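# below are the sequence and a predicted model; questions follow.
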Amino acid sequence: MPRSDTPALPATFNRLAWSNLAAQSAEQIALAAAPIVAVLFLGVGEGETGLLQTALTAPFVLFAIPAGLLTDRISRRVLMAVAEALRALALLAILAAIWFGEITLSGLAMLGFVAVCGTVVFSVAAPALVPSLVAKELLPAANARIELARTVAFASGPALGGLLVGWIGGGPAFGCAAVLSAVAVVFLAGIDEPARPAVPQRHPLQDIKEGAVFVLHHPLLRPVFITQFIFNTASFLLLAVFVPYAVHRLALSATEVGVTLSMYGVGMVVGALLATRVMRHLAFGRVIGLGPVAGFAAALVMALTTLVPSPWLAGLSFFLLGAGPILWVISTTTLRQSVTPSGLLGRVSAINILSYGARPLGSLLGAVVGGAYGADMCLYLAAGIFAVQALVIWLSPAVALDRQPDMIGACSGRPQFAR
């Protein structure tokens, strides 16, 4: 019989993958609907949408580390289920505010902030849970499956959010997202999470320091963290101004904005489907380096729309922004899981998520630069920042890796990597 390229993964892991699909879909629908509702229903401009995006990304700065501490101390499955239920309640509150005509920009930002807290916990706990559900040799396949589920959400969520807002109104978009969050809770309830040894009680600051020192002193994880921080700054600078830019400069409707944004997810789907083949034919480090280069190319294409205002170019930009970096996510997640002791996975995952703290920085840059100089300047600035992150990773030892690093021992704290 011909050998399959897709290894068989345990049923309990598949429940995690399905819950991830539902949770990521809920997030993407809500994140796509929020700025569209703000622009079309509340009449806000570039500066105010930048502030909204800041509120929707601030939890990555404020709660990633606490989520990492909890992830290493209590059941990861239970923690994820509670966080997802909290997100469902926040989304239902947005639905009620729209339904009764009480929605305001501050209310949308506050409830969106609460919903994104669920995203932070899920994003920290899921990568830490994966190694306990699958054998170490299946980690790359498992990470690819998780990312494929996420890419489907990125492909369908923005389009569905835009369609719901354009056809029926803002409320149904948030109601649909709330239902999907509830579905994620149901899938999480069926996961058989292995028991872990009791964690010694220590001061939280000691645990935080241990995780931070491990990442910042590691020759491979440190440049990955820096690159990801810069990437998130640039990408959310671009996203902060895109909706009003698309409406006012590219003359797109709410539905067309959603479809254009969904090209990001389409690119991620294509990248995730090709990931196994790409990683089989290229050195592990070269795969890590592809994503930042693709991000820079995407930014150049988007900047070109200021001279050639074509929605097709905007769609191509989002496609590139998804296709290349998904290889980055799969390869760097496998890298972290391989070189990190199991007892540190939650905190190291949280440090990685903390790089998402650059998202409010990028959104705030969009608010300041967009409000003062307009969207064009934001797109040019984003291209420059994307160039810096590509340079950082290609000057690091990570791109010199020939293969996936060997798994580190559960109790060892010393970095290991193979060239």
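Perfect, I can see it now.
# give me every residue that touches Val130.
By CB atoms under 8 Å, 6 or more residues apart in numbering, the residues touching Val130 are 13, 16, 139, 142-143, 146, 337. (C-beta placed from N, C-alpha, C; glycine too.)
# again, but for Asn352
Contacts of Asn352 by CB under 8 Å, 6+ apart are 127, 215, 225, 228, 336.
# and which of the contacts of Val130 is nearest to Leu274?
Asn143 (14.6 Å; CB to CB).
# quick one: mean pLDDT for the one helix or strand the closest one maps to?
Taking DSSP states H and E as the definition, Asn143 sits inside helix 139-167. Averaged across helix 139-167, pLDDT comes to 74.
# next helix or strand past it?
Downstream of helix 139-167 (by DSSP H and E), the next one is helix 170-189.
# what number of residues lie near Val247?
By other CB atoms under 10 Å, the residues close to Val247 number 18.
# how about His217?
Look at His217: counted by other CB under 10 Å, it has 11 neighbours.
# and Ala195, backbone torsions?
Backbone torsions for Ala195, taken as degrees, to the nearest 10, come to phi -70, psi 150.
# so Ile94 makes contact with Ile103?
Yes. Applying CB atoms under 8 Å, one finds Ile94 in contact with Ile103, separated by 7.3 Å.
# more neighbours: which of the two?
Taking neighbours as other CB under 10 Å, Ile94 and Ile103 compare with Ile94 leading, 28 against 22.
# okay, and the more buried one sits in which element?
In this assignment (DSSP H and E), Ile94 forms part of helix 76-99.
# give me the mean pLDDT for that helix.
So the average pLDDT for helix 76-99 ends up being 88.
# after it, next one along is what?
Sequence-wise, the next helix or strand downstream of helix 76-99 (DSSP H and E) is helix 105-133.
# which SS class is the nearest residue to Ala212 once chain neighbours are set aside?
Leaving out its chain neighbours, the residue that sits closest to Ala212 by CB to CB, 6 or more residues apart in numbering is Ile351, at 6.1 Å. Following DSSP: H, G, I helix; E, B strand; the rest coil, Ile351 is assigned to helix.
# ok, Ile351 - contacts?
Contacts of Ile351 (CB under 8 Å, 6+ apart): 64-65, 68, 211-212, 215, 225.
# distance of it from Ala390?
Ile351 is 22 Å from Ala390, where distance means CB to CB, to the nearest Å.
# run a quick neighbour tally on Leu40.
Leu40: 17 neighbours (other CB under 10 Å).
# just checking, it touches Leu252?
No. Contact between Leu40 and Leu252 fails when scored by CB under 8 Å: they sit 11.5 Å apart.
# what touches both of these two?
By CB under 8 Å, 6+ apart, no residue touches both Leu40 and Leu252.
# which residues does the nearest residue to Ala109 once chain neighbours are set aside contact?
Closest residue to Ala109 in three dimensions, ignoring its sequence neighbours and counting by CB to CB, 6+ apart: Ala55, at 3.8 Å. Counting by CB under 8 Å, 6+ apart, Ala55 touches 109-110, 112-113, 360.
# flag the shaky bits of the stretch 101-250 of the chain, pLDDT-wise.
154-155, 157-159, 161, 165-170, 197-201 (pLDDT under 70).
# same question for the stretch 251-400 of the chain.
The stretch 251-400 of the chain contains residues with pLDDT under 70 at 356-357, 359.
# now do the helices in it.
254-281, 284-304, 311-339, 345-354, 358-373, 375-394 (DSSP state H, counting those that start in this stretch).
# would you turn those into a markdown table with distance to Ala400?
Below are the helices of the stretch 251-400 of the chain laid out as a markdown table (distance: least, CB to CB, whole Å):
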| stretch | distance to Ala400 |
| --- | --- |
| helix 254-281 | 16 |
| helix 284-304 | 5 |
| helix 311-339 | 13 |
| helix 345-354 | 21 |
| helix 358-373 | 25 |
| helix 375-394 | 10 |
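# from those, which stretch is densest packed?
helix 345-354 (a mean of 26; mean count of other CB atoms under 10 Å).
# give me the distance between Ala375 and Glu27.
According to CB to CB, Ala375 and Glu27 sit 25 Å apart.
# same check, this time on Arg87
Taking CB to CB, one finds Arg87 at 8 Å from Glu27.
# who touches both of these two?
With CB under 8 Å, 6+ apart, Arg87 and Glu27 have common neighbours 115-116, 119.
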